[in-house]
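# Sharing a sequence plus its predicted fold:
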Amino acid sequence: YSAIRSRAPFSPMPGTPLMLSIESPINARTSTTCSGETPIPGIMPVTDIAQVSRMAQMSGMEVPSWLIERVGKAGDDATEANRVGAELATELCNALLEAGAPGLHFYTLNRSATTRAIYRNLGLGPAG
């Protein structure tokens, strides 16, 4: 476990490293798991800075300052935070898929509306 932990960020599911930005230490195209498979990036839509900061701390990652700034502009407006979070996650998903990610794993944290918006933004679901 410690050898794996030193090479990759914490992931609640094997093979799904948490990705907060395309600059993350896991390269979607060239990284492999211990079994030799390409990991499926784990996407957590950032709609609550405190929540994502806790997850990042558990994984030994830092939340990029530009991400905190963009989501932070929403203030206490949950609707705006969800919109911004979906927009940022959509950009990340597009970049990861273009870089060769074999798929995407979403951490919805029992809040599926933002993930459904991302799915629609990617052209994978109904428009409504």
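Received the coordinates, thanks.
# can you tell me the average pLDDT over stretch 121-128?
For stretch 121-128, mean pLDDT is 76.
# separation between the closest residue to residue 53 other than its chain neighbours and residue 89?
Using Cβ to Cβ, 6 or more residues apart in numbering and skipping the chain neighbours, the partner closest in space to residue 53 is residue 63 (5.5 Å). For glycine as for every other residue, the C-beta is placed from the backbone atoms N, C-alpha and C. In this view, residue 63 and residue 89 are 14 Å apart by Cβ to Cβ, to the nearest Å.
# of the two, who's got more company?
residue 89 (25 against 17; other Cβ atoms under 10 Å).
# buried residues in the helix or strand encompassing the more buried one?
Element membership for residue 89, per DSSP states H and E: helix 78-98. Using 16 or more other Cβ atoms under 10 Å as the test for burial, helix 78-98 gives 81-82, 84-90, 92-93, 96.
# Ok, stretch 101-112 next?
For stretch 101-112, by 16+ other Cβ under 10 Å, it's 101, 104-107.
# so what's residue 106 up against?
Residues near residue 106 by Cβ atoms under 8 Å, 6 or more residues apart in numbering: 42-45, 115, 118.
# Tell me what angle the helix or strand hosting residue 120 forms with helix 78-98.
If you go by DSSP H and E, residue 120 is part of helix 112-121. For helix 112-121 against helix 78-98, the angle by axes from the mean of the first three to the mean of the last three Cα atoms, to 10 degrees is 50 degrees.
# Poorly predicted segments of the protein, please.
Counting by pLDDT under 70, the chain has low-confidence residues at 1-37, 126-128.
# returning to what we had before: name the helices or strands packed onto the helix holding residue 120?
helix 78-98 (3 or more Cβ pairs under 8 Å, 6 or more residues apart in numbering; DSSP states H and E).
# which helices and strands does the helix it packs on pack with?
Using 3+ Cβ pairs under 8 Å, 6+ apart, helix 78-98 is in contact with strand 42-43, helix 65-72, helix 112-121.
# Now distance to residue 54 too, for those, in TSV please.
Formatted as TSV, the helices and strands packed on helix 78-98 follow (distance: least, Cβ to Cβ, whole Å):
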stretch	distance to residue 54
strand 42-43	15
helix 65-72	13
helix 112-121	17
